[in-house]
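Trainee: Okay, here's the prediction I keep looking at, along with the sequence it came from:
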Amino acid sequence: AVMFDGGRVDINALQPADQSPIDMVRTACYVADTEKAIDMARRSKDLGYQTTINIMAPSAAIRTDLIEALDEVSKADEVDYLYLVDSYGAYYSEHVTDYLGLYKEHCPNKELGFHAHNNQQLAFANTQQAIIDGVNLLDATINGIGRGAGNCNLELLLNFLKNPKFDVAPLYKTIQEQFVPLREKIEWGFNDIYGIGGYLNHHPRAAMKCRADKEIMDKCYDFLVECTSDV
């Protein structure tokens, strides 16, 4: 699968599915750009791909606007799957259940997925909650690698599922041999700066900017004061 940013990708560059190693095109969008994302899903479907819509930052959207977007997705036959996304790592388990209930109510004809971010170290727990709430499409990455605070750890999720067809040993071998050295070059995963951003339901750009500056990267109190000074 690949993920496109709705309305910001040249869909004409996408080859037909029978000429590509890709079988699914996931289109991410904010609530205001749902129609653009549906159009991209339509054009991807015409090329033979499975399609998803990933509505970003629903926690920052006006609820009535989100409902309108969900209703539009529900009517779009070319959209196979709909993802709930915790873009800011702001959710607790009750938020997962609440939003999934809303998605089920307004898109009963779509299979749902869940994509967590780990700003508050809840990506794994919230993914478990999504499973409890009936979600079958679950996003996870090796060692939780991802932008900023990262995502749900794939190795933890597979351990939790306890399915004998999953052999987690190769994952841990990969982590040991590839991801441990990689952490010396790039940063991902929880720290208090990202935790504050998640708690405040803020876009991660400010936290990422802070972490990129060695002079202030660990000044979590100063970051909190800055983020709440206008509240």
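Mentor: Perfect, I can see it now. Numbers count the residues shown, from 1 in each chain.
Trainee: after the lowest-mean-pLDDT helix or strand in the chain comes which helix or strand?
Mentor: One helix or strand of the chain scores below all others by mean pLDDT, DSSP states H and E: strand 2-5, with a mean of 93. On the C-terminal side of strand 2-5, the closest following helix or strand by DSSP states H and E is strand 24-29.
Trainee: List the neighbours of the strand or helix carrying residue 84 that are in contact with it.
Mentor: Per DSSP H and E: residue 84 is located in strand 81-85. Contacting residues not belonging to strand 81-85 are listed as 26, 28, 50-58, 70, 73, 96, 99-100, 103, 107, 110-115, 130, 135, 137, 139 [Cβ atoms under 8 Å, 6 or more residues apart in numbering]. (Glycine included, C-beta is placed from N, CA and C.)
Trainee: Could I get the full set of helices for this structure?
Mentor: Secondary structure of the chain, counting by DSSP state H: helices at 34-46, 63-74, 93-106, 123-132, 154-161, 169-174, 180-182, 192-199, 205-211, 220-228.
Trainee: ranking those by burial, who's on top?
Mentor: helix 192-199 (a mean of 23; mean count of other Cβ atoms under 10 Å).
Trainee: one step back: list the buried residues of the least confident helix or strand of the chain.
Mentor: For strand 2-5, burial by neighbour count (16 or more other Cβ atoms under 10 Å) applies to 3-5.
Trainee: Please tabulate these in TSV, including the columns distance to residue 153.
Mentor: Output for the buried residues of strand 2-5, formatted as TSV (distance: Cβ to Cβ, whole Å):
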residue	distance to residue 153
3	19
4	25
5	25
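Trainee: Check these against residue 149 and report the nearest one.
Mentor: Nearest to residue 149 among the buried residues of strand 2-5: residue 3, at 17.9 Å, using Cβ to Cβ.
Trainee: Return the distance of the closest one relative to residue 220.
Mentor: 30 Å (Cβ to Cβ, to the nearest Å).
Trainee: No further queries at this time; thank you.
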